[in-house]
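*Asks:* With the input below, show me the fold.
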Amino acid sequence: ARTAFQQARGATSDFPGKAEVQRRLNLLGESAEEGKKRTPEELERLEQEQPGDVVILTRLGEAYEQNGLPKEAAAAYERALKVNPKLLAARFQLAKLYAGPLHASEKALALAKAARALAPNDIEATFLVAKLAYDTGNHTWAYDLLRELARQRATDPAILCSLGWAAYAL
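*Replies:* Down below sits the predicted model:
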């Protein structure tokens, strides 16, 4: 999106939506890191102006997380998922929040499974499902998922350690 908007902004001819292109670039930033530097207050104001914008909601969730506010982050990600239920990043982050500071492993597992269904080849999503399966007592499923991951990343120590624990549990 950033690249396309930057190219559109550079166009010499006028076109409908040119002002909106600049607003979106301001939100995204000229680089990925720059776009993540907004404060929760700035993002809350932007959400008021543009409710239902998944980029704003996702960035708001990230900002809340960085400021140690997991409940607020989860609420922002939930709002983003209401707008776009197939938003992988929001679903993945929400699963991590429920697995971690919000202490709701079953809910985290359901979200992680849904994230994996959206991106079945995503190693991080599969790893999160495997860890949550292990944490909820489904060691056989965790072991199977981790064996699959170990074939893909044979030198990843986190995967190998988790595989070892799953095998040990069995």
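*Asks:* burial measure for residue 103, as a count.
*Replies:* The local packing of residue 103 (other Cβ atoms under 10 Å) involves 11 other residues. C-beta coordinates here come from the backbone N, C-alpha and C atoms, glycine included.
*Asks:* any idea of the pLDDT on residue 39?
*Replies:* With respect to pLDDT, residue 39 scores 88.
*Asks:* That one: what's it in contact with?
*Replies:* The neighbours of residue 39, taking Cβ atoms under 8 Å, 6 or more residues apart in numbering as the test, are residue 63.
*Asks:* From residue 1, how far out is it?
*Replies:* Separation of residue 39 from residue 1 (Cβ to Cβ, to the nearest Å) stands at 22 Å.
*Asks:* what does residue 84 give?
*Replies:* As judged by Cβ to Cβ, residue 84 and residue 1 stand 14 Å apart.
*Asks:* between the two, who's got more neighbours?
*Replies:* For the pair residue 84 and residue 1, the greater number of neighbours falls to residue 84 (14 against 10), based on other Cβ under 10 Å.
*Asks:* I'd say that one and residue 54 touch.
*Replies:* Yes - the pair residue 84 and residue 54 qualifies as a contact (Cβ atoms under 8 Å) at a distance of 5.2 Å.
*Asks:* measure the residue most central in space within the chain to residue 81 for me?
*Replies:* In the chain, the residue lying closest to the centroid (Cα atoms, centre = their mean) is residue 89, at 2.5 Å. In this view, residue 89 and residue 81 are 10 Å apart by Cβ to Cβ.
*Asks:* Then residue 100?
*Replies:* According to Cβ to Cβ, residue 100 and residue 81 sit 18 Å apart.
*Asks:* out of those two, which sits in the more crowded spot?
*Replies:* Using other Cβ under 10 Å as the criterion, residue 100 and residue 81 rank with residue 81 on top: 19 against 13.
*Asks:* so the more buried one is in which element?
*Replies:* Using DSSP states H and E, residue 81 maps to helix 70-83.
*Asks:* Going by contacts, tell me the helices and strands next to that helix.
*Replies:* Helix 70-83 is packed against helix 54-66, helix 88-99, with contacts defined by 3 or more Cβ pairs under 8 Å, 6 or more residues apart in numbering; DSSP states H and E.
*Asks:* coming back round to it: roughly how far does the residue nearest to the centre of the chain sit from residue 134?
*Replies:* 24 Å.
*Asks:* same question, residue 24
*Replies:* As judged by Cβ to Cβ, residue 24 and residue 134 stand 41 Å apart.
*Asks:* Those two: who's more crowded?
*Replies:* Between residue 24 and residue 134, counted using other Cβ under 10 Å, residue 134 has the larger neighbour count: 21 against 18.
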